[in-house]
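[1] return atomic coordinates for the entry below.
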Amino acid sequence: MKRKVVITGIGAVTPIGNTAPASWAAAKAGTCGIAPITHYDTSAQKAKLAGEVKDLDVEQFIDKREARKMDRVTQLAMVAAHEAMQDSGLVMENEDATRCGVIVSSGIGGLNTIELEHTKGEQKGFDRVSPYFIPMVISNMPAGHIAIQYGFKGMCSCVVTACASGSNAIGDSFRQIRDGYADVMLCGGTEASITPLGVGGFTSLKALHTGTDPLRASIPFDAERSGFVMGEGAGILILEEYEHAKARGAHIYAELAGYASNCDAHHITAPAPGGEGAARCMKLAVEDAGLAPEDIGYINAHGTSTPMNDSCETAAVKTAFGDHARALCISSTKSMTGHLLGASGAVEAIFTALAVRDGFAPPTIGYQQPDPACDLDIVPNHGRAVALKAAVSNSLGFGGHNASLVITKWEE
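    Below you'll find the model as predicted:
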């Protein structure tokens with residue numbers, strides 16, 4: 001028998017807040033977290049804007065000496081994990097650690113360290129790079145550090161599926177619990193790639209917006225959209241088997257009820273025509289949750305603000321939901337945070353769970369020019385109260401990776 005999986009803890013560090021509650025309050029209010037890049041000098045590069053995490057004192061959460069051995073991608077994950085663990089109320093002395101696992105993903109890993117140490121190697125010789133270089137840059141290290149910190153001895157892994165990574169981490173964790181392999185999973189995603197090389201790579205790919213107005217930069221579904229805006233941050237969720245959560249009196253945010261993951265098998269960066277793979281993924285996820293399309297009231301779209309993604313995702317929603325597509329609220333919180341790559345699905349899953357809990361669809365901000373190819377209800381500019389039984393969070397990654405999570409309102 002399949003077991004019920006619930007969300008009992010959340011933690012987030014985002015461009016619009018350094019905690020999950022602060023990020024959600026900002027998302028509800030339609031706060032723009034995009035601003036000129038401060039991490040490095042952008043004078044020689046086209047892209048000037050990003051969604052940076054602001055005013056975060058990492059040493060409040062991580063010992064200064066230990067923090068120096070971690071890339072920012074791991075630091076952000078550790079801060080979000082700390083919040084999620086505190087929020088969950090889990091006491092590891094009371095748990096079977098072998099039934100507690102970690103899946104924390106990153107699309108790119110420790111890019112800042114790669115750039116800094118490569119420069120050092122060219123200057124001083126490559127045998128002089130940091131002895132911590134390898135453990136600082138490998139993508140699995142946020143998961144490893146978190147497992148060590150909290151003593152989780154079950155499965156510990158890192159799904160790397162580009163912009164679908166965070167959603168795959170959550171979905172794969174959901175299956176670990178539902179199918180009986182674990183009772184508790186700490187899961188999510190982290191990314192810190194606002195670096196000269198990271199931003200330069202996406203600029204060269206013609207994927208990034210290169211204007212200078214933060215309010216017209218990340219504008220999903222708008223006819224004038226011209227590329228995404230890089231963001232950074234981390235989102236961490238604690239998932240538990242329901243009876244386990246109930247036995248310890250845990251607070252439950254929502255139920256994670258369904259998940260699907262598939263591949264377009266079409267192109268390394270472009271979505272399949274008409275969003276065929278994404279449509280199939282959403283349908284499979286809704287079926288996995290045992291729901292009908294009409295049960296879904298809100299979709300947190302992948303909504304990157306690139307010309308192809310937003311039109312293909314709109315077409316995918318129409319294919320997956322038929323006539324009901326017109327009744328759905330579909331917003332992109334990337335309009336506020338920018339695109340957090342491997343962390344985006346995790347942060348957006350948190351927003352989706354809170355949307356279902358609060359009965360509130362966050363807005364797609366910065367919307368001005370309608371696009372006939374993106375003609376669904378994108379909750380433009382202002383969020384709205386809406387009774388929600390269930391919602392979907394979509395992530396679509398380079399390589400053709402698609403992941404959809406179905407989150408339902410929790411009622412005892």
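
[2] okay, CA-based contacts and neighbour counts for the rest of this
    Noted.

[3] which secondary structure element contains the nearest residue to Arg128 once chain neighbours are set aside?
    Nearest non-adjacent residue to Arg128, counting by Cα to Cα, 6 or more residues apart in numbering: Gly121, 6.4 Å away. If you go by DSSP states H and E, Gly121 is part of helix 111-124.

[4] list the buried residues of the helix or strand following that helix.
    Following helix 111-124 in sequence order, the next helix or strand is helix 133-137 (DSSP H and E). Residues 133, 135-137 are the ones in helix 133-137 that count as buried (16 or more other Cα atoms under 10 Å).

[5] re earlier: pLDDT of the helix holding Gly121, averaged?
    The predicted model gives helix 111-124 an average pLDDT of 98.

[6] off-centre distance for that helix?
    Relative to the centre of its chain, helix 111-124 is centred 28 Å away, using Cα atoms, centre = their mean, to the nearest Å.

[7] show me where the chain dips below the pLDDT cut-off.
    For the chain, no stretch has pLDDT under 70.

[8] do I have it right that Ala192 meets Glu232?
    Yes: applying Cα atoms under 8 Å as the test, Ala192 and Glu232 come out as touching, 4.9 Å apart.

[9] comparing these two, which residue is more hemmed in?
    Ala192 (31 against 27; other Cα atoms under 10 Å).

[10] can you report how many residues lie near the residue nearest to Arg128?
    Gly121 - counted by other Cα under 10 Å - has 15 other residues nearby.

[11] what's the answer for Leu111, then?
    Leu111 has 24 nearby residues by other Cα under 10 Å.

[12] likewise Lys28?
    If we define neighbours as other Cα under 10 Å, then Lys28 has 19 of them.

[13] for the lengthiest helix in the chain, packing partners?
    Using DSSP state H to define each element, the chain has its longest helix at helix 72-88. Applying 3 or more Cα pairs under 8 Å, 6 or more residues apart in numbering; DSSP states H and E, we find helix 72-88 packed against strand 5-13, helix 141-150, strand 184-191, strand 233-241.

[14] who touches Ala391 in this structure?
    Applying Cα atoms under 8 Å, 6 or more residues apart in numbering to Ala391 gives the contacts 296-300, 352, 356, 406-408.

[15] okay, and which of these map to strands?
    296-300, 406-408 (DSSP state E).

[16] buried among those? Make that a PyMOL selection.
    Only the buried members of these enter the following PyMOL selection, criterion being 16+ other Cα under 10 Å:
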select buried, resi 296+297+298+299+300+406+407+408
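
[17] closest to Ala50 out of the ones in strands among the contacts of Ala391?
    Asn300 (20.7 Å; Cα to Cα).

[18] what bridges to the closest residue to that closest one other than its chain neighbours?
    Once flanking residues are discounted, Asn300 sits nearest to Ser393: 4.7 Å by Cα to Cα, 6+ apart. With beta bridges defined as DSSP bridges, Ser393 has these partners: Asn300, Leu405.
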